[in-house]
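**Student:** A predicted structure for the sequence below; I have some questions about it.
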Amino acid sequence: MKYRTLGKTGLEVSVIGVGAWQFGGEWGKDFTQAEVDQILGRAKDLGINLIDTAECYGDHLSESLIGKALQKNRKDWIIATKFGHKYNGYLERTHQWSPKEILKQLEDSLKALRTDTIDLYQFHTGDDNVFGQEELWAFLKEQAKAGKIRHLGNSVGNDYLHQTKLSEKFGVEVMQVIYNRLETKPETEVFPICKEQRLGVLARMPLASGFLSGKYKPGTVFGNDQRSRFDQKRNFERLKMVEEIKKTEVPEGVNMAQWALAWCLKNSQVTAVIPGCKNLEQLESNAQAAELI
């Protein structure tokens, strides 16, 4: 495993992390505690020390599974989670942005994760008006002073330039962005600002929701998971792109998923990638991508 410094946080994180949305049960599989224990135990053996989750991946379900799995070696892990959404059922969310609501989310996350402090607490895909509320950031800084939060981050959607520019003003030290071989927009808009403000960068969806795994052909119909909600025409076009990339860019004999993760990490502004995994095989494959950079 290789490690990089997460911007000005000073945290040394593995370049391959674990994205944990799947543990919330919305990617076609429900996880048992034993399965999560096994996956995260193996992740530790492979040198991975970064895990990213959220309050709304299930009703703190992902956090709870992680908390139980890591309770014996919490000090060995950097835990990132998020705030701003309330889970109301499968694929259903409402926003919660008031300090009172966030305090409950924070306390519930600390309890689920079985920890006294969250290493990286991230604003979760809120709009610019919410992001710009100074009382929200003042509240979060109070929680940091109380020791419940170590560092603040921002996990953004597709419209993120305004918020990225304001990172320094509000004490945001890490940006989490969608970045992969099919989604390169951050290179020209966000990464220069991150460099200027010394922000850490976490690349989420580095495998483009599994499209860059190379396992799927154009016309694939996805079952009971998030991808069934995507525009089917766009899915077809993206998978055609993946076919072409596999032919023209991926070296012969190289696993495409590993290549795609390494592709992200070859950009010096990317601190770490946080792909999801459903089993040990996927986890181990992800970890091996560190050997390609």
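**Tutor:** Sure, I can see it. Numbering: from 1, shown residues only.

**Student:** against L110, how distant is Y121?
**Tutor:** Applying Cβ to Cβ, to the nearest Å, the value for Y121 to L110 is 10 Å. C-betas here are computed from N, CA, C, even on glycine.

**Student:** next: C56.
**Tutor:** 16 Å.

**Student:** which one of these two has more residues nearby?
**Tutor:** For C56 versus L110, the count of surrounding residues by other Cβ atoms under 10 Å is larger for C56: 26 against 18.

**Student:** the more buried one sits in which helix or strand?
**Tutor:** Here C56 sits in a region with no helix or strand, counting by DSSP states H and E.

**Student:** now do the same contact list for it.
**Tutor:** With contacts defined as Cβ atoms under 8 Å, 6 or more residues apart in numbering, the neighbours of C56 are G24, K82, H85, K86, Y87, R93, H124.

**Student:** report the mean confidence score over stretch 75-82.
**Tutor:** Stretch 75-82 comes out with an average pLDDT of 98.

**Student:** name the residues of the least confident helix or strand in the chain by mean pLDDT that are buried.
**Tutor:** Ranked by mean pLDDT, DSSP states H and E, the weakest helix or strand in the chain is helix 232-248, scoring a mean of 89. The neighbour-count check on helix 232-248 (16 or more other Cβ atoms under 10 Å) flags N235, R238, L239, M241, V242, I245 as buried.

**Student:** and stretch 106-119, by the same measure?
**Tutor:** Taking 16+ other Cβ under 10 Å as the basis for neighbour counts, the residues of stretch 106-119 that come out buried are L106, D108, S109, L110, A112, L113, T115, T117, I118, D119.

**Student:** could those go into a markdown table alongside pLDDT, distance to P99 and secondary structure?
**Tutor:** Supplementary listing: the buried residues of stretch 106-119 in a markdown table, determined by pLDDT from 0 to 100; distance: Cβ to Cβ, whole Å; DSSP: H, G, I helix; E, B strand; the rest coil:
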| residue | pLDDT | distance to P99 | secondary structure |
| --- | --- | --- | --- |
| L106 | 98 | 10 | helix |
| D108 | 98 | 15 | helix |
| S109 | 98 | 15 | helix |
| L110 | 98 | 16 | helix |
| A112 | 98 | 20 | helix |
| L113 | 98 | 20 | helix |
| T115 | 98 | 21 | coil |
| T117 | 98 | 19 | coil |
| I118 | 98 | 16 | strand |
| D119 | 98 | 21 | strand |
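
**Student:** CSV for these, including distance to S62?
**Tutor:** Output for those, formatted as CSV (distance: Cβ to Cβ, whole Å):
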residue, distance to S62
L106, 16
D108, 12
S109, 10
L110, 14
A112, 8
L113, 10
T115, 14
T117, 18
I118, 14
D119, 16
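
**Student:** just the strands in this protein please.
**Tutor:** With DSSP state E, the ranges of strands along the chain come out as 3-5, 12-14, 18-19, 50-52, 78-83, 85-89, 92-95, 118-124, 149-155, 172-178, 200-204, 272-273.

**Student:** the fourth one pairs with which strands?
**Tutor:** Okay, so that is strand 50-52. According to DSSP bridges, strand 50-52 forms sheet pairs with strand 18-19 (parallel), strand 78-83 (parallel).

**Student:** who touches T115 in this structure?
**Tutor:** T115 sits next to G67, R74, I79 when contact means Cβ under 8 Å, 6+ apart.

**Student:** pull out the buried members of the residues you listed.
**Tutor:** The buried subset of those - by 16+ other Cβ under 10 Å - is G67, I79.

**Student:** touching, Y57 and L65? I think so.
**Tutor:** No - between Y57 and L65 there is no contact, the gap being 9.5 Å when judged by Cβ atoms under 8 Å.

**Student:** report the set of residues contacting both of those two.
**Tutor:** Counting by Cβ under 8 Å, 6+ apart, the shared contacts of Y57 and L65 are F23.

**Student:** pipe the strands of the chain into JSON lines and attach distance to E281 per row.
**Tutor:** Supplementary listing: the strands of the chain in JSON lines, determined by distance: least, Cβ to Cβ, whole Å:
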{"stretch": "strand 3-5", "distance to E281": "24"}
{"stretch": "strand 12-14", "distance to E281": "19"}
{"stretch": "strand 18-19", "distance to E281": "14"}
{"stretch": "strand 50-52", "distance to E281": "18"}
{"stretch": "strand 78-83", "distance to E281": "24"}
{"stretch": "strand 85-89", "distance to E281": "29"}
{"stretch": "strand 92-95", "distance to E281": "31"}
{"stretch": "strand 118-124", "distance to E281": "28"}
{"stretch": "strand 149-155", "distance to E281": "27"}
{"stretch": "strand 172-178", "distance to E281": "25"}
{"stretch": "strand 200-204", "distance to E281": "21"}
{"stretch": "strand 272-273", "distance to E281": "18"}
